[in-house]
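Undergrad: any chance you can model this:
(4 chains)
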Protein chains: 2
Amino acid sequence: MELRQLRYFLAIAEEESFRRASERLHVSQPPLSRQMRDMQVEMGVELFAPEGRGIRLTAAGKAFAERARNILASVDTAVDEARGIAQGRLGSVHIGFETGTTFMGAFLSLIAAFRKRTPGAGLQLSPMSSIEQWAALRSRKIDFGYGVYAPTDDALGHLEMSRDRLGLLLSPEHPLARNKTLNLADIENEHILLQPRQLYPRLHADLITAARLRGVTLRVAAEVLDLEALMALVVIGDAVTFVSEKFWEPASQVSLLWRPVDDLDLYLSEFAVWRREDEGTPVVRALVDSAKQAGRGAADC
Amino acid sequence: MELRQLRYFLAIAEEESFRRASERLHVSQPPLSRQMRDMQVEMGVELFAPEGRGIRLTAAGKAFAERARNILASVDTAVDEARGIAQGRLGSVHIGFETGTTFMGAFLSLIAAFRKRTPGAGLQLSPMSSIEQWAALRSRKIDFGYGVYAPTDDALGHLEMSRDRLGLLLSPEHPLARNKTLNLADIENEHILLQPRQLYPRLHADLITAARLRGVTLRVAAEVLDLEALMALVVIGDAVTFVSEKFWEPASQVSLLWRPVDDLDLYLSEFAVWRREDEGTPVVRALVDSAKQAGRGAADC
DNA sequence: CTCAATGTTACCCAAAAGGTATCAATCTGT
DNA sequence: ACAGATTGATACCTTTTGGGTAACATTGAG
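TA: Model (predicted):
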């Protein structure tokens, strides 16, 4: 059974005539006879019955014509769909994103830009850490990642989407709130709270190291998993925490102060990540373009 | 695009390998390469991407594989369906049946036998007179008819399903009820009721003619369309009517008597009717067989 | 009864599918 | 790092299949 036979059959069924079908198909009439004979033999079904000097469809033929129509339409649909996916108009992408912090950054702009660019595409978003994203990219579990660390793997391309200075977040009631400028030495004896190591594996170490270089020993009082709880402790004025400048902006309805630390030169970045080999695929290309559009546009791979 | 290409593609997609697919398909590997190249060029879509020394499916390829699977399954289903219809296991028949009287005769047995024989077949029943049935058969509006007259048309085959003697139906209170035997002369002056001429076009005339041959003039008092009303009038004892012997049996809970008329030799028959040219088709063959099984089995065409 | 129209059969040629040999790329094992 | 094995692609040839032309059988119309 071949599609050609279905096409021929459908033309004959619709025209109710071999001759008219042969004209419509731009094929002479004898080949139609033979294709139909072969097909019917293969099926073991009589689809035509002679009527006068022409033919008519049998009951089986009528039902089969209906099916053939659907099958041929399905083929067209399938091709269109594949074409759409190849062009990035259709299909779906699996994106891994860093839990928590990123959802209020450039990530939303990226997604918005992508959705606007390819409205037909389906999105699947899965929360995972940057390191998990890299593994998921390599094993093709996701197609795109958005996290806080640049991958070291050469097979992964990345783009820095934002870069914000790390500073101190404290209550207005806190003694240090009066200082116009802050130094690491000022906070040597403060109770410092941080988000847990799993989220920012390097932040913890980087912070301690940077302070030590200035001869200051920072004491991290606790790692608090729940962001709300952490904020609550800071609001009470009992402790301080380090966050990026931009991170604090959207939540600024809470009366907390963000202060840069003059001799602390640490930055938190967000990175879009993807497989280099996928740069040719339309979906990833669209995502990278959306990322450039949404982010600062500064590519550094 | 041909089904062969879809079959090859699906095998390759499922095996994720041209070589393994070539083994499964019992075809050497180069033809697969070429078919896939041709298909992709025709579609304008890349379905495979090189991976190591093998290949993997692109996103478009994965989606297309899913579709291809459905298409190939649809083809099989379509063929099976056509085969089923051709064998009479599936499909639907349109049957015309005589209104009223027939629904309690051999017709129900016929339908029951047919349903039992071909449980997968759909039935469409339409009430129509014998004459309407013949026209509907000729114009292919119905496939089978069940009525009270045998068609004269040579293109239509028929089978007498039942043959019942016409006799007098009267109330036990009626004066004639005392007679053991009846003659036409006995009912010369009775009020005779009949079902309307449209239902039994010839009964009326046949009855009058048969009586006249015996020198008896029958007086038809009224033609009563509604069967219930007719029966009511007979029960009251005011009038008599002619019905076939079998017709009365199922309704015999009503206290009426059926009596043969010795010198009246009229019979009412029921006939199954079909197109001669359809005798080869499985559905009609099944119906005719069911008819023979349900009826007396006496074929007379 | 002849003639035109329709589908089938017979035959030929062209196109396309399948097979073999070979090649380039890549992974494996030492 | 290198030889050998494996995979898919290419080149070329053979076989199969599809399509065209011509003649034929059947049927319906004038």
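Undergrad: how does chain A divide into domains?
TA: Using automatic domain parsing, the domain parsing of chain A gives A:3-87, A:92-161+A:269-294, A:164-268.
Undergrad: grab the longest helix from chain A for me.
TA: Determined from DSSP state H, the single longest helix within chain A is helix A:59-87.
Undergrad: other SSEs contacting that one?
TA: Counting by 3 or more CB pairs under 8 Å, 6 or more residues apart in numbering or on different chains; DSSP states H and E, the packing neighbours recorded for helix A:59-87 are helix A:3-15, helix A:282-294, helix B:29-43, helix B:59-87. Backbone N, C-alpha and C define where each C-beta goes, glycine included.
Undergrad: so does that helix get close to DNA strand C?
TA: No. Applying CB under 7 Å from any atom of the strand, one finds helix A:59-87 out of contact with DNA strand C, separated by at least 12.3 Å.
Undergrad: mean pLDDT, distance to residue B:12 and mean neighbour count added to the helices and strands packed on helix A:59-87, as CSV?
TA: Formatted as CSV, these follow (pLDDT from 0 to 100; distance: least, CB to CB, whole Å; neighbours: other CB atoms under 10 Å in any protein chain shown):
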stretch, mean pLDDT, distance to residue B:12, mean neighbour count
helix A:3-15, 94, 18, 20
helix A:282-294, 88, 22, 20
helix B:29-43, 93, 6, 15
helix B:59-87, 92, 9, 19
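Undergrad: before we move on, back to that, closest to residue B:189 out of the domains of chain A?
TA: domain A:3-87 (56.2 Å; CB to CB).
Undergrad: check the offset of the longest helix of chain A from the chain's centre.
TA: The chain centroid and the centroid of helix A:59-87 are separated by 31 Å under CA atoms, centre = their mean, to the nearest Å.
Undergrad: quick one: strands adjacent to the helix or strand just after that helix?
TA: Sequence-wise, the next helix or strand downstream of helix A:59-87 (DSSP states H and E) is strand A:92-97. Here strand A:92-97 is paired, per DSSP bridges, with strand A:122-127 (parallel), strand A:144-147 (parallel).
Undergrad: got the angle between the helix or strand just after the shortest one and helix A:282-294?
TA: Just to be clear, that refers to strand A:144-147. Reading on from strand A:144-147 to the C-terminus, the next helix or strand found by DSSP H and E is strand A:156-170. Angle, strand A:156-170 to helix A:282-294, by axes from the mean of the first three to the mean of the last three CA atoms, to 10 degrees: 40 degrees.
Undergrad: strand A:156-170 - what's its average pLDDT?
TA: Regarding strand A:156-170, the rounded mean pLDDT is 88.
Undergrad: quick one: what helix or strand has residue A:269 in it?
TA: Taking DSSP H and E as the criterion, residue A:269 maps to strand A:267-275.
Undergrad: helices and strands around that strand, which ones?
TA: helix A:106-117, helix A:130-138, strand A:144-147, strand A:156-170, helix A:282-294.
Undergrad: so what strands line up beside it?
TA: Strand pairing (DSSP bridges) places strand A:267-275 next to strand A:144-147 (antiparallel), strand A:156-170 (antiparallel).
Undergrad: ok, back up a step: most neighbours per residue, which of the helices and strands packed on strand A:267-275?
TA: Highest mean neighbour count among the helices and strands packed on strand A:267-275 (mean count of other CB atoms under 10 Å in any protein chain shown): strand A:144-147, with a mean of 27.
Undergrad: touching that strand from outside, list them.
TA: The contact list for strand A:144-147 (CB atoms under 8 Å, 6 or more residues apart in numbering or on different chains) reads A:93-98, A:102, A:107, A:110, A:128-130, A:133-134, A:136-137, A:161, A:270-274, A:284, A:287.
Undergrad: pull it out as CSV, backbone CA atoms only.
TA: Provided in CSV are the C-alpha atoms of strand A:144-147 (Å, rounded to 0.1, in the frame of the first residue of the first chain):
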residue,chain,number,x,y,z
PHE,A,144,18.0,25.9,27.7
GLY,A,145,19.0,27.0,31.2
TYR,A,146,19.0,30.2,33.2
GLY,A,147,21.1,30.3,36.3
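Undergrad: what is the burial count for the residue nearest to residue A:54 when sequence neighbours are not counted?
TA: With CB to CB, 6 or more residues apart in numbering or on different chains as the criterion, residue A:54 has its nearest non-adjacent residue at 5.8 Å, and that residue is residue A:17. Per other CB atoms under 10 Å in any protein chain shown, the neighbour tally for residue A:17 reads 17.
Undergrad: go on, residue A:45?
TA: Other residues close to residue A:45 by other CB under 10 Å number 22.
Undergrad: wait, it sits on residue B:84?
TA: No. In this structure, residue A:45 is not within contact of residue B:84 by CB atoms under 8 Å, at 9.2 Å.
Undergrad: mind checking how far residue A:55 is from residue B:143?
TA: 19 Å (CB to CB, to the nearest Å).
Undergrad: now do the same contact list for whatever residue of the stretch 101-250 of chain A ends up closest to DNA strand C.
TA: Nearest to DNA strand C, among the residues of the stretch 101-250 of chain A, is residue A:155, at 12.1 Å (CB to the nearest atom of the strand). Residues near residue A:155 by CB under 8 Å, 6+ apart: A:138, A:275-277.
Undergrad: who's in contact with the spatially most central residue of chain A?
TA: Most central in chain A under CA atoms, centre = their mean is residue A:95, positioned 3.2 Å from the mean C-alpha point. By CB under 8 Å, 6+ apart, the residues touching residue A:95 are A:111, A:123-126, A:142-146, A:287.
Undergrad: tell me what it is bridged to.
TA: Here residue A:95, judged by DSSP bridges, has bridge partners residue A:125, residue A:144.
Undergrad: in PDB, list the C-alpha atoms belonging to the one helix or strand in chain A whose mean pLDDT sits lowest.
TA: The helix or strand of chain A with the poorest confidence is helix A:245-248; it has a mean of 72 (mean pLDDT, DSSP states H and E). What follows is helix A:245-248, C-alpha atoms only, in PDB (Å, rounded to 0.1, in the frame of the first residue of the first chain):
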ATOM      1  CA  GLU A 245      21.200  45.600  44.400                       C
ATOM      2  CA  LYS A 246      18.600  44.700  41.800                       C
ATOM      3  CA  PHE A 247      17.300  41.900  43.800                       C
ATOM      4  CA  TRP A 248      16.100  44.200  46.400                       C
END
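Undergrad: show me what that helix is packed up against.
TA: Using 3+ CB pairs under 8 Å, 6+ apart: helix A:245-248 touches strand A:156-170, strand A:257-260.
Undergrad: so which bits of chain A are right by DNA strand D?
TA: Counting by CB under 7 Å from any atom of the strand, the positions of chain A adjacent to DNA strand D are A:2, A:4, A:26-31, A:34-35, A:38, A:50, A:52-53.
Undergrad: near DNA strand C, which residues of the stretch 1-150 of chain A show up?
TA: Proximity of the stretch 1-150 of chain A to DNA strand C, by CB under 7 Å from any atom of the strand, involves residues A:17-20, A:29-30, A:32-34, A:36-37, A:48, A:50, A:53-55.
Undergrad: and the residue of chain A positioned farthest from its centre, how far is that from residue A:16?
TA: The centre of chain A is farthest from one residue, residue A:52, which by CA atoms, centre = their mean lies 63.2 Å away. Remark: distance between residue A:52 and residue A:16 (CB to CB) = 11 Å.
Undergrad: as TSV, the strands paired with strand A:92-97 with distance to residue B:213 would be great.
TA: Below are those laid out as TSV (distance: least, CB to CB, whole Å):
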stretch	distance to residue B:213
strand A:122-127	86
strand A:144-147	99
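Undergrad: what's the closest of the ones you listed to residue B:181?
TA: strand A:122-127 (88.3 Å).
Undergrad: show me the contacts for residue A:285.
TA: Going by CB under 8 Å, 6+ apart, residue A:285 touches A:88, A:279.
Undergrad: quick one: it and residue A:208, what's the gap?
TA: For residue A:285, the distance to residue A:208 - CB to CB - is 41 Å.
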